[in-house]
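1. 3D, please:
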Amino acid sequence: MSGMRVTADRGHRGGSALAVICGALAVLVVAGCASSVKSPSPVPTTSASWACSAEPPGCGSAQGTAESLVGFTWSAAPAPPLSPRIAQASVWTGTKLLIWGGMHENQGQTMAADGAAYDPVTRAWTPMPASPLSPRNTAFAVWTGTTALFWGGGNGSLALLMNGASYDPTSRTWTMLPAAPLTGGFDNLQAIVWTGTQMVVIQPGAGAAFDPAARSWTGVPGLPQAAGWQPFVIGASWTGSEVITWVASQRPVVNGIRPPGFRFSAYSWVPGNPAWAAVPSRPNYAEFPSGTAAPIGGRLLFLGGKGCGPGASCPVQNFFDGAWFDASSGTWTGLPETYSGGGGPAVWTGSAMVVFNTKAGATPGPASRPSNVPPGAAAAFAPSGGAWTDMARCPIPDLTNASLAWTGRQLIAVTMDDESGNTPQVEVLSRPGRNSR
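-> Numbers count the residues shown, from 1 in each chain. Model (predicted):
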């Protein structure tokens, strides 16, 4: 998904995939935000052009419907020739799945700078050539149509890395990106989105957009600052025509004590405009909305969530709610609670949202992990009808830090997880008898 990316602590485990760099995400009290909300109504239908705006190749294929996916089965594929790790960057190019970087959690939390490419046709991995980038985890990764961009991430310190490189899988060559007009100010907060033509890096003070065709950066206006409040988490999503950014703020420390309270605000920016415009935040929402999101019909579909690092799959955390946000009208529409689960990553096919550790039908109990949701469980949400459908269970029990890719014909799940000393695993969900992309 081209969805939101937020600043994160560099690879530590927890209930969410990654903790936020300035502290684990707390329950937010919405304050000082005007909002507009609708009661539940029919789910908007999917428009192919909007549904796959800035999404990877393969989005919108006929095989990606919930009705089709329910008949798919899992099969094991070769593991990548990489050491176990978490917080790796991944990107689907249309022919290859690239895995790069990450953190070796069982090796003193050292960072990785190697990678490999998986070809679903040959079912083989090929090591990527050495990168000019320093070792890092949680880098943002996106496919531009000709090259893969790898940007930012962390190296175990509190400072975000402010450089990146492009990788051409055809020539197997790396090229450093031009220096960005960015700093690590405001406690190194940033969010990153891909618009289909630009990589937009958003910071509270100022941001920048990189155009890979021109290989140049342009300035992005700084986010509005609320007097007496200090941003500590930001996230962003692309709707197909504008960037929506979410900002969680807290009171600054005074005499060693931080006053209580949080402020949650949201802003919209159309590329080329000189400033951000305020938009309604999600009403009565107690979690930062940076979980699974997808642009559908010009709207954003949100399903639960807390924070996840740039380039990492966003896990759904409090998985008993969901909502549509229509930026054009500034309204939120709630989804009925017809699903349950949590802790698993998700991927958008263009027709359905596939979410792991999830099943159709709401279940009372802890939202983070209802007892009757088995490991590897998956369900697909079809926006056209608003219904959830259970899918075949993935044989990989722990997908918390998995890299996912929808190719148009297959769903590839790669876990590099080494929490229990496990070796990397790969499973492919496809139509029975089909092994090509």
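2. please make it C-alpha for all contacts and neighbour counts, starting now.
-> Fine.
3. could you measure from residue 330 over to residue 223?
-> In this view, residue 330 and residue 223 are 18 Å apart by C-alpha to C-alpha, to the nearest Å.
4. and the two? which has more neighbours close in?
-> Using other C-alpha atoms under 10 Å, the more surrounded residue of residue 330 and residue 223 is residue 223, with 22 against 15.
5. for the closest residue to the more buried one other than its chain neighbours, the count of nearby residues, please.
-> Nearest non-adjacent residue to residue 223, counting by C-alpha to C-alpha, 6 or more residues apart in numbering: residue 204, 5.0 Å away. Neighbours of residue 204 under the rule other C-alpha under 10 Å: 23.
6. residue 204: which element?
-> Of the helices and strands defined by DSSP states H and E, none includes residue 204.
7. show me the contacts for it.
-> Contact analysis of residue 204 by C-alpha atoms under 8 Å, 6 or more residues apart in numbering lists 186, 189-190, 222-225, 231.
8. can the residues you listed go into JSON lines with extra columns for pLDDT, distance to residue 128 and secondary structure?
-> Compiled in JSON lines, the contacts of residue 204 are given as follows (pLDDT from 0 to 100; distance: C-alpha to C-alpha, whole Å; DSSP: H, G, I helix; E, B strand; the rest coil):
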{"residue": "186", "pLDDT": "52", "distance to residue 128": "35", "secondary structure": "helix"}
{"residue": "189", "pLDDT": "83", "distance to residue 128": "30", "secondary structure": "coil"}
{"residue": "190", "pLDDT": "86", "distance to residue 128": "28", "secondary structure": "coil"}
{"residue": "222", "pLDDT": "90", "distance to residue 128": "36", "secondary structure": "coil"}
{"residue": "223", "pLDDT": "91", "distance to residue 128": "37", "secondary structure": "coil"}
{"residue": "224", "pLDDT": "91", "distance to residue 128": "41", "secondary structure": "coil"}
{"residue": "225", "pLDDT": "86", "distance to residue 128": "42", "secondary structure": "coil"}
{"residue": "231", "pLDDT": "87", "distance to residue 128": "38", "secondary structure": "strand"}
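9. okay, those residues in TSV with distance to residue 136 next?
-> Below are the contacts of residue 204 laid out as TSV (distance: C-alpha to C-alpha, whole Å):
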residue	distance to residue 136
186	21
189	17
190	16
222	26
223	27
224	30
225	30
231	24
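10. select only the buried ones of those residues in ChimeraX?
-> Filtering the contacts of residue 204 down to the buried ones (16 or more other C-alpha atoms under 10 Å) takes a single ChimeraX command:
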select :189,190,222,223,224,231
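11. closest to residue 118 among the contacts of residue 204?
-> residue 190 (29.9 Å; C-alpha to C-alpha).
12. from residue 103, how far off is the closest one?
-> 20 Å.
13. kindly report the same for residue 212.
-> 27 Å.
14. higher neighbour count, those two?
-> A count of neighbours by other C-alpha under 10 Å puts residue 103 above the other of residue 212 and residue 103, at 31 against 19.
15. what count of nearby residues applies to residue 259?
-> 11.
16. helix or strand for it, just tell me which one.
-> Applying DSSP H and E, one finds residue 259 in no helix or strand.
17. could you list which residues are in contact with it?
-> So residue 259 contacts 251-253 (C-alpha under 8 Å, 6+ apart).
18. so which of these is the most crowded?
-> Neighbour counts for the contacts of residue 259, by other C-alpha under 10 Å, peak at residue 251, which reaches 18 neighbours.
19. quick one, what contacts the spatially closest residue to that one that is not a sequence neighbour?
-> With sequence-adjacent residues excluded and distances taken as C-alpha to C-alpha, 6+ apart, residue 251 is closest to residue 229, at 4.9 Å. Going by C-alpha under 8 Å, 6+ apart, residue 229 touches 249-252, 263.
20. confirm that residue 63 sits in a helix.
-> Yes - per DSSP: H, G, I helix; E, B strand; the rest coil, residue 63 lies within a helix segment.
21. wait, it touches residue 407, no?
-> No - look at residue 63 against residue 407 with C-alpha atoms under 8 Å: they stay out of range, at 9.9 Å.
22. more crowded one of those two?
-> residue 407 (26 against 21).
23. that one against residue 62, yeah?
-> No - using C-alpha under 8 Å, residue 407 makes no contact with residue 62, being 11.6 Å away.
24. distance check, the residue of the chain most remote from its centre against residue 226.
-> The centre of the chain is farthest from one residue, residue 255, which by C-alpha atoms, centre = their mean lies 37.0 Å away. For residue 255, the distance to residue 226 (C-alpha to C-alpha) stands at 21 Å.
25. all helices of this protein, in order?
-> 48-51, 66-69, 185-188 (DSSP state H).
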